[in-house]
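S.K.: just a sequence and a predicted model for now, questions to come.
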Amino acid sequence: MALIVQKYGGSSVADTEKIKRVARRVAETKGRGNRVVVVISALGDTTDRLVGLAKEICSCPPEREMDMLLSTGEQVSVALLSMAMHSLGHDAISFTGAQVGIVTDSAHTKAKIIDIRAERILEELEAGKVVIVAGFQGVSLDNNITTLGRGGSDTTAVALAAALHADLCEIYTDVDGIFTADPRVVPEARKLDRISYDEMLEMAATGARVMQLRSIEFARNYGVVIHVRSSFSEEEGTWISGAPERMEKAVVSGVTHDTGEAKITLKGVPDRPGIAAHLFRRLADANINVDMIIQNVSDNAQTDITFTLSLDDLPRAREILSVVADELGARSYDCDEDIAKVSLVGAGMKTHPGVAADMFEALAEEGINIEMISTSSIKISCVVRNNEVERAVRAVHRRFGLEHGLVQHE
Ligand code: ASP
Ligand code: MG
């Protein structure tokens, strides 16, 4: 008898008809002799609406209260799904994150799971029930409700799958799986059958919005096998696991883009030890994640530091910079919100020269200027103007023939 964790996103439970449909799907899985734990998100765009309500009250709501508010969305959906299971004649029980011992740190609105005390879930499974857990939330050691960051139900599901040693974690969503690019931008984008954790991490980190980044980190660290698939069809989706055979042949897997970042440049900072450390420590202390960082070759013992960060963090970063720029003796700093990032991901680029050159050529042929470049062993990212990014994605996708499946690079 397998233990399966199924996660259904907000669009899969957008109304009561859809909730009943999810209940039937869960019942089928149970009916095949599996033990099932279900994690669900808030109905439809509930979380966005709750954020909107908070913003109507004040522009910068206290984060603890934000978590109290946002966690209610998932509490509604677990109760409704449990009722739907009961009306199908199945025994089910719903829980909040706190009730099933999802313990987090106290970083409100982006808490990290530090422990899962899964006894309660195991007891209920033992009693033959379907266990339904509210996604996206936990409880801190000081007994406050926390949330795991937008899209956090994925992380709840994968973390539960790890803690329960589940056989499989199914992520049900409104798309058919992981694609070679966002199909809204590249209509000929293709669904991938399999992808490795490392590639999926890079895809999620560079803008593929199907799964929350932290959930993939969890999956890789604990070896949780994930199947991302549509809740509206029976089709196979994309399997995310250790090292798919396909990796041997394909050089690149996908092109992603991200329009949710801003670029900050500090000009004329002294070129001496401790400057970068001071700047990035201040940002880290404010819980701000920095993405790309470039420091120029120094000129007259002065240098420029450019970095990117999430647009959401920009207001707080500006506050910090207004102080830190003076402390560092920088000449000036500026913030540019009109940027976007296009990235090419593929495990095969480690061993194939020329992938970067091909990508840059594809952009050059479109007359698209590259403002920043960063690489890992399996990813190349370029910052371009925001209004050129979709054209950039299409050009790179075409250049690598991603619409045709397996790409052999000469
Ligand atoms: N409801 C939360 C959100 O919209 C969590 C999730 O859906 O994963 O971000
Ligand atoms: Mg999601």
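M.R.: That came in fine, so what should we check first? Ligands and ions are numbered 1, 2, ... in the order given.
S.K.: C-alpha only now, for contacts and for neighbours.
M.R.: OK.
S.K.: confidence score at the residue in the stretch 251-400 of the chain that ligand 1 sits nearest to?
M.R.: Closest to ligand 1 within the stretch 251-400 of the chain is residue 312: 14.0 Å, counting by Cα to the nearest ligand atom. The model reports residue 312 with a pLDDT of 89.
S.K.: quick check: bridge partners of the closest residue to residue 295 other than its chain neighbours?
M.R.: The shortest distance from residue 295 to any non-neighbouring residue, by Cα to Cα, 6 or more residues apart in numbering, is to residue 305 (4.5 Å). Residue 305 forms beta bridges with residue 266, residue 295, as assigned by DSSP bridges.
S.K.: can you give me the neighbour number for residue 305?
M.R.: Using other Cα atoms under 10 Å, residue 305 has 20 neighbouring residues.
S.K.: so what's it up against?
M.R.: Counting by Cα atoms under 8 Å, 6 or more residues apart in numbering, residue 305 touches 265-267, 269, 293-296.
S.K.: hmm, which two among these are most spread apart?
M.R.: 269 and 293 (14.7 Å; Cα to Cα).
S.K.: looking at those two now, which is surrounded by more residues?
M.R.: residue 269 (22 against 16).
S.K.: contacts for the top helix by length along the chain?
M.R.: The longest helix of the chain (DSSP state H) is helix 63-87. Residues from elsewhere that reach helix 63-87, judged by Cα under 8 Å, 6+ apart: 13, 19-20, 22-24, 27, 40-43, 46-47, 50-51, 54, 91-96, 108-109, 132-137, 144-147.
S.K.: could you report the pLDDT at the closest residue to residue 204 other than its chain neighbours?
M.R.: Distances taken as Cα to Cα, 6+ apart put residue 213 closest to residue 204, at 5.3 Å, once the chain neighbours are dropped. pLDDT recorded at residue 213 is 94.
S.K.: neighbours of residue 213, how many?
M.R.: Residue 213: 22 surrounding residues under other Cα under 10 Å.
S.K.: next one: it from residue 163, what distance?
M.R.: Per Cα to Cα, to the nearest Å, residue 213 is found 18 Å from residue 163.
S.K.: let me know the secondary structure of residue 21.
M.R.: Secondary structure, DSSP: H, G, I helix; E, B strand; the rest coil: residue 21 is helix.
S.K.: returning to what we had before: over to the residue of the stretch 251-400 of the chain closest to ligand 1. Which of the three states is it?
M.R.: With three-state DSSP as the basis, residue 312 sits in helix.
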